[in-house]
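> What follows is a predicted structure for the sequence shown.
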Amino acid sequence: MKLINVPKAPSAVGPYSHAVIQGDLIYCSGQIPLDPKTMEIIGKDIEAQTEQVMRNIESILKYVDSGLDKIVKATVFLANLDDFHGMNVIYEAALKGHKPARSTFQVAKLPKDALIEIECIAVKELGNN
């Protein structure tokens with residue numbers, strides 16, 4: 001098992017790694033819409049926050065020679081399920097036609113009062129990192 005911490009991703013806000021690699025799977029910790037430099041939430045609406053979350057996930061996956069097109073399962077946590085459509089439009093655009101398995105839940109509250117958090121599992125080609 002290899003623990004991954006990415007310099008260009010937002011720092012962890014708790015005792016966890018950005019991702020863990022086990023075999024050819026990458027388990028990415030949940031990402032909220034934090035700016036990696038300021039550690040502040042980006043955007044006031046679901047669209048802007050979803051874009052930042054997807055950028056954060058992409059930076060983690062790129063660091064380990066993977067990408068958004070290698071996601072096999074995503075879990076989306078929303079502060080308000082009424083934001084489903086807005087999130088879905090940005091999520092779909094970020095994945096450019098790739099359609100991994102996914103679950104979406106409304107939760108009572110997210111860290112730093114974010115509107116969204118996404119965690120995922122992606123594949124990685126063996127022999128990289």
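Now that the structure is in, tell me what you want to look at.

> quick one: residue 87 is in a strand?
No - read with DSSP: H, G, I helix; E, B strand; the rest coil, residue 87 is helix and lies in no strand.

> Spell out which residues sit in contact with it, please.
46-47, 50, 76, 78, 104, 116 (Cβ atoms under 8 Å, 6 or more residues apart in numbering). C-beta here means a position set from N, CA and C on the backbone, and glycine is covered the same way.

> do the same with residue 102
Per Cβ under 8 Å, 6+ apart, neighbours of residue 102: 73-76.

> which residues of this structure score low on pLDDT?
125-129 (pLDDT under 70).

> let's see it at 90
11-14, 124-129 (pLDDT under 90).

> Just the strands from it, written as ranges.
Counting by DSSP state E, one finds strands in the chain at the ranges 2-4, 19-22, 25-31, 71-78, 101-106, 116-123.

> can you list the residues that contact the last one?
Defining contact as Cβ under 8 Å, 6+ apart, one finds that strand 116-123 is touched by 24-33, 46, 49-50, 53-54, 57, 61, 66-67, 70-79, 83, 87, 91, 100, 110-111.

> can you list the strands of the chain in a markdown table and add distance to residue 38?
Converted to a markdown table, the strands of the chain look like this (distance: least, Cβ to Cβ, whole Å):
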| stretch | distance to residue 38 |
| --- | --- |
| strand 2-4 | 22 |
| strand 19-22 | 22 |
| strand 25-31 | 15 |
| strand 71-78 | 22 |
| strand 101-106 | 28 |
| strand 116-123 | 18 |
